[in-house]
Every structure is written in C-alpha cells, then in structure tokens.
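A.B. asks: need a 3D model of the sequence below.
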Amino acid sequence: MNTLLSFLHILLISFLEMLYLVGVIIVIGLILGALERISNSYLIRAFGPKGVMVTAWIGTPIHEIGHLLQCFIWGHRVSRVKLLQFNHPAGILGYVEHHYNPNSIYQQIGNFFIGLGPIFSGIGSLILGMYLLVPQSYYTFKTQVENRIKLEQLDLTVLKTIVESASVICKSLFTFENLINPLFWLFLIIAFSISSHIALSRADIKGSARGLTMIFFAIFLFNILANVLNWDTYQTVVKLAGYNAYLLAFSSIAILFSFLTLIISVVLFNIKRQFIN
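C.D. replies: Coordinates of the predicted model:
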C-alpha cells in the first residue's frame, strides 16, 4: 500500500513540475493560436484565402525559421525546408521536414520545443524589430521588465506586472513621435505579419505532444531517483520555473500585437461588408 501511495505521489509531483516548467508556454501558444485563428477567419471572410497571403511574406518564414533553429538545437536531421510557398494544393505555406533518433531521450524531448519554435522565433523577432526600428519603445519596455520582473514564484503579483508591461509597451509605441516616424509604421507592418502566422499548425501541436510525453517521462524517472535519494525536487523546480515571469513579460508583446491584428481584421471585415451591402 505504501509503495502504491509513493508511486502515485511521484506521478502527481512529476505532473505538477511539468506544469511549472512548460505549462506557461503551452498556455501562451493556445492564446496566440486562438487569436490568430479568429483573425484569419475574418480576413478570409473579407478578402478570401488570399487575404491571409498578404502577411505571409514575412510571417511564414519567421514561423518556419523557429522550427528550423530548434531542430539544430535538439540535434534533429533536417531533410527539407520550404520557408515560403504559395502554390501548394493543401494551402501549406511552408514546412520543415526533420528526423530524429527514437532511442534518444534528448531528441524526443526536442519535439516539444521544435513544435513550439514559431512562438520563440515570433517573440524574438518582435523584440528585435522593436530594438532596431523603435529603440525608445524597446528601452522603455526593457526598463519595465528589469525593474518589475524578478525570478520568483509565479503568482497574482507577477501576473499583474505582466499586464502592466503590456500597457507600457502600448503607451511607449503609440506616441506622437512614433506616429510621424516611418520606421514605426514599418515595425507595425512587420509586427502584424509575424503575429498573423505565429500560431502552431496541427502538425506542430502533434509533434509537441510527443515531446511533452517524453518530458513527463524524464521528470518521472528523475523523481523516482530523487525519492530513493530523499531529494526534494519540487521546491527546486518551483524556484527554477521563475523564468516564467520573464517569458510572460516578453510574450505580452506577441499577445498585444495578435490582439491588435484581431481588431484590425474585424474592422476590415465590417468595412468590406458595408461596401457590399
């Protein structure tokens, strides 16, 4: 009986630790995916399938580069890459074909991060765009993050700070100085294009799910060893997962522009409907 209870306890702890380590990025992916799907549905209803193509020139290569970079990091062999295409019969705009050693736990875990690659490349590209094109807004955001975000347990205080970070981004971007700056409008075009193609495809989600299963298995095995050696892994993982505060802060940029993209899509759809009526 004690053995069974110990086994169930290890299972529960492993699941909670997995949520602390990767749960936030999964939630971010779901939010970005939902916003993109709704935005694209309005664009397609307004302009047809070609409405989504306008932003694909920038957004799709950034999406696929995210997969590609993670393939290199996790040791997968890349066989074919298409950063952008318009004539695929199934409407696939780009893809990265990769292979891995099924006997390698490291490469199997990599499937999770390869599937989520577009989120990392999308957020990274948005931050780089701010740094190069609207540096004043970037430094305002950077100062906010440095002053308010700390590596600590994720709680309501941290979540409040994330909302404040998004507010700071919005206020620092939409200023009179930026509105008369051509580079600001270039950044907006790039940001909207990236946000329109940051979500994960079904194939991405399927690959990530395989990796997530292996992540849980690896954590579970580690916790069995920790139980034998009487280590307290839970508190260590909770402290380690403090990086989620930074992850949320930086992802607020992508969520903000995905939300703005949704608003623009709805506005364009209503304008088109008014002209038709």
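A.B. asks: alpha carbons of stretch 199-211, as CSV, please.
C.D. replies: Provided in CSV are the C-alpha atoms of stretch 199-211 (Å, rounded to 0.1, in the frame of the first residue of the first chain):
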residue,chain,number,x,y,z
ALA,A,199,0.3,30.1,-34.1
LEU,A,200,1.0,26.4,-34.4
SER,A,201,-0.4,24.1,-37.0
ARG,A,202,-1.9,20.7,-36.2
ALA,A,203,1.3,19.0,-37.2
ASP,A,204,3.2,21.4,-34.8
ILE,A,205,0.9,20.5,-32.0
LYS,A,206,1.1,16.8,-32.7
GLY,A,207,4.9,16.9,-32.6
SER,A,208,4.9,19.0,-29.4
ALA,A,209,2.6,16.4,-27.8
ARG,A,210,5.1,13.6,-28.5
GLY,A,211,7.8,15.7,-26.9
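A.B. asks: apart from its chain neighbours, what residue comes closest to the most centrally placed residue in the chain?
C.D. replies: When Cα atoms, centre = their mean is applied to the chain, the residue found nearest the centroid is I119 (2.7 Å). Spatially, and ignoring its direct neighbours in sequence, I119 is nearest to G29 (5.6 Å; Cβ to Cβ, 6 or more residues apart in numbering). Every C-beta, even on glycine, is put in place using the N, C-alpha and C of the backbone.
A.B. asks: please apply the same query to S251.
C.D. replies: Per Cβ to Cβ, 6+ apart, closest to S251 is I28, 4.8 Å.
A.B. asks: please report how far the residue nearest to I119 lies from S201.
C.D. replies: Per Cβ to Cβ, to the nearest Å, G29 is found 11 Å from S201.
A.B. asks: I123 now?
C.D. replies: Per Cβ to Cβ, I123 is found 18 Å from S201.
A.B. asks: could you list the buried residues of stretch 16-33?
C.D. replies: By neighbour count on 16 or more other Cβ atoms under 10 Å, the buried set for stretch 16-33 is 17-18, 20-22, 24-26, 28-29, 31-33.
A.B. asks: mind checking pLDDT for A90?
C.D. replies: A90 is assigned 68 on the pLDDT scale.
A.B. asks: beta partners of V96?
C.D. replies: According to DSSP bridges, the partner residues bridging V96 are V81.
A.B. asks: which elements pack onto the host helix or strand of I271?
C.D. replies: Using DSSP states H and E, I271 sits in helix 244-276. Other helices and strands packing on helix 244-276, by 3 or more Cβ pairs under 8 Å, 6 or more residues apart in numbering; DSSP states H and E, are helix 2-47, helix 117-133, helix 135-148, helix 156-173, helix 182-195.
A.B. asks: nearest to I65, out of these?
C.D. replies: helix 117-133 (5.3 Å; Cβ to Cβ).
A.B. asks: that closest one vs helix 2-47, what angle?
C.D. replies: Interaxial angle of helix 117-133 relative to helix 2-47 (axes from the mean of the first three to the mean of the last three Cα atoms, to 10 degrees): 60 degrees.
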